[in-house]
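> could you look at this predicted model? Sequence included:
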Amino acid sequence: MELRMFVTGAIGTALLLAAPLRAQDKKVADSNVSVTGCLAQGDERKNEYSLKDADGKTYGLRAGSEINLKAHVGHKVILTGSPMQKKEKVKTGKPEESEHLQVSNLSVVSMTCP
């Protein structure tokens, strides 16, 4: 009888502890997006890049040192990353990016863009 109560209690505790972990994993997975388009050099800084998708939406990009965006300028790529909040910018008369991404993965679709 004591063993049964112990096992039931252990299973209940495990379920209670696992529920928040599953919710957290889903939240992280939901925050990533994938976009496909042509990778271009940004217009303001040397290490700034952008991607324009088939719908005409432009993404400002930031990547860690493990992803070399410069090597893929002019290529059609699939980027996966998490959306970032943009900082307010002074209007320059240049087109603004629709969204900003922190890039976590890059896959080359084609070495050229249409």
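That came in fine, so what should we check first?

> neighbouring strands of the lengthiest strand in the chain in the sheet, and parallel or not?
For the chain, the strand with the greatest residue count under DSSP state E is strand 99-110. Paired neighbours of strand 99-110 in the sheet (DSSP bridges): strand 58-63 (parallel), strand 76-84 (antiparallel).

> next, format those as JSON lines and append distance to Asp43.
Glycine gets a C-beta too; all of them are placed from N, C-alpha and C. As requested, those are exported to JSON lines (distance: least, C-beta to C-beta, whole Å):
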{"stretch": "strand 58-63", "distance to Asp43": "10"}
{"stretch": "strand 76-84", "distance to Asp43": "18"}
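
> which one of the ones you listed has the poorest average confidence?
Here the lowest mean pLDDT among the strands paired with strand 99-110 goes to strand 58-63, at a mean of 91.

> what bridges to Lys76?
Bridge pairing for Lys76 - DSSP bridges - gives Cys38, Ser110.

> does Thr40 touch Ser50 like I think?
Small correction: residue 40 is Ala, not Thr. Yes: between Ala40 and Ser50 there is a contact at 5.2 Å, judged by C-beta atoms under 8 Å.

> so these two - more neighbours on which side?
Ser50 (21 against 17; other C-beta atoms under 10 Å).

> residue contacts, that one?
Neighbouring residues of Ser50 by C-beta atoms under 8 Å, 6 or more residues apart in numbering: Leu39, Ala40, Gln41, Gly42, Asp43, Thr58, Tyr59, Gly60, Leu61, Glu97.

> this protein: helices as residue ranges?
Assigned by DSSP state H, the chain shows helices spanning 2-31.

> low-confidence ranges, it, go.
Residues of the chain that meet the criterion pLDDT under 70 lie in 1-30, 86-97.

> hmm, back to that, drop anything exposed from the contacts of Ser50.
Leu39, Ala40, Thr58, Tyr59, Gly60, Leu61, Glu97 (16 or more other C-beta atoms under 10 Å).

> reformat these as CSV; add distance to His75.
Formatted as CSV, the buried ones among the contacts of Ser50 follow (distance: C-beta to C-beta, whole Å):
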residue, distance to His75
Leu39, 6
Ala40, 10
Thr58, 16
Tyr59, 15
Gly60, 18
Leu61, 13
Glu97, 19
